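[1] Sequence and predicted structure are below.
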Amino acid sequence: MIMDYKKQVSQAVNKAIDNELSVDDIYSKIERPKTSEMGDLAFPAFALAKVLRKAPQQIALDIVDKIEKDSFEKVVAVGPYVNFFLDKSAFSNNVIKNVLNDGSNYGANDDGKNGNVTIDMSSPNIAKPISMGHLRSTVIGNSIANILTKNGYHPVKDNHLGDWGTQFGKLITAYLKWGNEEDVKKDPINYLVKYYVKFHKLDKENPELDDIARDWFKKLENGNEEAIKLWKWFREVSIEAFDKIYDKLGVKFDTYNGEAFYNDKMQEVIDILNGKGLLSKSQGATIVDLSKYDLNPALILKSDGASLYITRDIATALYRDRTYKPAMNLYVVGSEQTYYFKQLKAVLKEMGVPSAEHLYHVPFGLITVNGKKLSTRSGRIILLDEVLNDSIEIAKKQIEEKNPSLPNKEEVANEVGVGAIVFGDLKNEKINNIDFVLEDQLRFEGETGPYVQYSHARAESILRKAGKTEFNDNDYKLNDTESWDTIKLLNDFPNIIKMACKELEPSVVAKYSLRLAKAFNKYYAHSKILADDSELNARLALVKSVSIVLKESLRLLGVKAPDAM
């Protein structure tokens, strides 16, 4: 059973102060001292100064005098703080037992009550390559899905493909003007994107190209045979190319319902908006007034009657609401779209869509390379597949240098190379911008994926050396100071899982894994783990616990944990 040591401290303080503060009030004020040398948990006596009309320093001394100390190693007053040193033997035994008993389920909870959570993520545009710009939505969305599952939710990952819109009018125009069928069959994505870039270079001086493109998109919407045939072809070759990259990343989706899937569902949206008297005309376009939300009007139909992103997104939200009845409807989309999602949520609220209240935009910052923003239009594309391949190659070289006799080098290089890219993204708070430097992500020291992977592999190596894989004992008591920080961090894991879910923030897990890896490596450096004495079994059980929690932390991020590197 997982012990709540903060509660234990809160109850002891509550008793010592004769209920002057409730257990919950005390619990909310408990802090952690900066170092283990100062104690494990601390209660600041300032909160009682007004009530007891005494100096906080005196209150701290009085509490220490009255408190029952049997459950603690010691309790001391440090200025205005009451510092608690937990019973290391009892604590370590409880924590290690919990991790070993639960294994990879350690930290799981059923807070989500199996509620569905739709996650709109990745969403590349058809006929364009998956660039580094798509990395963030893909890996953040995937990790959030893993974290939600760990917290008892049922995520539905929806790769909402950009397979509709005016860009297809541009692409059809470009292909018919400059395209070659043989080239596209040979290397579809690269040629299609060349045509798209060429269109945008030439349309500034040739505005008639935009008129032709608009006309082709209108034909596509109206079911023109040639337009539909080209569109389907572009879509098929694109998805084939995408899936190879998703396989490499280890990301799977529950549905690929792109924008086109909602084409026949948009009339109902217009009908509902009309029926509720929400539509009005503005300069020929059809809008929903959102002034009551302090937002600009939502443009629903252009003056020529063509639909827009928001029209399809309303249809999408309506479909998800009816199909999944989601506890949350998440959109993992760049922070530049924040205003747009406020408008979308407001329109859905006006329509009375039940899940509108639980629609959340999960924004993230830009990814730049050497400080420059990536853009398909300008041709500044850095292909995700190429970056993954480069990363795997660097990992191969590192393994060749450090451990040339490793039996499954190819597999480990893939896990390290891809893991470095994923971890390198997720260790950052998602809202922050990232400037990507490949070599920095692949270092085996510092705040990197390979560092955490190597720490896990080191733990497994110790266990192999000891020949110990099974732990059926009941005595895992450790009271040395070297192991203490590691044990306390293991105890934190269930709270980390809850926090990452509450904040929809994978970096909470990534940063935790770095702290645990660092504490474990410090323990390894300062302890003779394999010394044959009475605590050997408990130390090995601690190593196994670290291995379990590091592996599970990495899994939640979408990163593999090799047993040997």
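    Good, I have the coordinates.
[2] Please give the element, helix or strand, for K244.
    helix 225-249 (DSSP states H and E).
[3] Give me the buried positions along that helix.
    Buried residues in helix 225-249, counting neighbours by 16 or more other CB atoms under 10 Å, are found at 227, 230-231, 233-235, 237-239, 241-242, 245-246, 248-249. C-beta here means a position set from N, CA and C on the backbone, and glycine is covered the same way.
[4] continuing past it, what's the next helix or strand?
    Criterion used, DSSP H and E; the element after helix 225-249 is helix 266-275.
[5] Other residues contacting the helix or strand just after that following helix?
    Per DSSP H and E, the first helix or strand lying C-terminal to helix 266-275 is strand 279-282. Residues outside strand 279-282 that contact it (CB atoms under 8 Å, 6 or more residues apart in numbering) are 270, 273, 286-289, 297, 300.
[6] Was I right to think S507 contacts D425?
    No: with contact defined as CB atoms under 8 Å, S507 does not count as touching D425 (9.3 Å).
[7] From F520, how far out is the residue nearest to K342 when sequence neighbours are not counted?
    Once flanking residues are discounted, K342 sits nearest to L295: 5.9 Å by CB to CB, 6 or more residues apart in numbering. According to CB to CB, to the nearest Å, L295 stands 49 Å off from F520.
[8] So which of these two has more stuff around it?
    The neighbour count for L295 versus F520, taken as other CB atoms under 10 Å, is higher for F520 (27 against 17).
[9] quick one, what contacts that one?
    Counting by CB under 8 Å, 6+ apart, F520 has contacts 455, 458-459, 486, 546, 550.
[10] thinking again about what came up before, so which elements touch the helix holding K244?
    Counting contacts by 3 or more CB pairs under 8 Å, 6 or more residues apart in numbering; DSSP states H and E, helix 225-249 packs against helix 135-150, helix 166-178, helix 188-202, helix 208-221, helix 384-402, helix 409-426.
[11] For the shortest one, list every residue counted as buried.
    This points to helix 166-178. Those would be 166-175, for helix 166-178 by 16+ other CB under 10 Å.
[12] ok, now the fifth one?
    Judged by neighbour count (16+ other CB under 10 Å), helix 384-402 contains these buried residues: 384-385, 387-388, 391-392, 394-396, 398-399.
[13] I'd like these as TSV, with distance to G152 appended.
    As requested, these are exported to TSV (distance: CB to CB, whole Å):
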residue	distance to G152
L384	32
D385	35
V387	35
L388	32
S391	34
I392	35
I394	38
A395	35
K396	39
Q398	39
I399	38
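[14] Looking at those, which is nearest L554?
    A395 (15.2 Å; CB to CB).
[15] The closest one contacts V416, correct?
    Yes: A395 is within contact range of V416, at 4.1 Å (criterion: CB under 8 Å).
[16] Mutual contacts of those two, please.
    Shared contacts of A395 and V416, defined by CB under 8 Å, 6+ apart, comprise 442, 450.
[17] Could you list the low-confidence segments of the protein?
    Within the chain, the stretches with pLDDT under 70 are 370, 372, 374-380.
[18] domain parsing for it?
    Domains of the chain are assigned by automatic domain parsing as 5-86, 384-557.
[19] looking at those, which is closest to T316?
    domain 384-557 (19.7 Å).
[20] For the closest one, measure first residue to last.
    End-to-end distance of domain 384-557 (CA to CA, to the nearest Å): 18 Å.
[21] Ok, stretch 521-541 next?
    Across stretch 521-541, the terminal residues are separated by 16 Å (CA to CA).
[22] Buried residues, it. List them.
    For stretch 521-541, by 16+ other CB under 10 Å, it's 521, 523-524, 527, 529, 535, 538-541.
[23] Pipe these into a markdown table and attach secondary structure per row.
    A markdown table is the format used below for those (DSSP: H, G, I helix; E, B strand; the rest coil):
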| residue | secondary structure |
| --- | --- |
| N521 | helix |
| Y523 | helix |
| Y524 | helix |
| S527 | coil |
| I529 | coil |
| E535 | coil |
| A538 | helix |
| R539 | helix |
| L540 | helix |
| A541 | helix |
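[24] between those residues, which is nearest V412?
    The closest of those, once distances to V412 are taken by CB to CB, is N521, at 19.5 Å.
[25] ok, so what distance separates F341 from L295?
    Taking CB to CB, one finds F341 at 11 Å from L295.
[26] right, I mislabeled it, should have said A317
    17 Å.
[27] Counting neighbours, what do you get for the closest residue to N403 other than its chain neighbours?
    Leaving aside its sequence neighbours, N403 sits nearest to M565 (CB to CB, 6+ apart; 6.5 Å). Counted with other CB under 10 Å, the neighbours of M565 add up to 25.
[28] For M565, give me its contacts.
    M565 neighbours (CB under 8 Å, 6+ apart): 399, 402-403, 406, 412, 416, 450, 453-454, 457.
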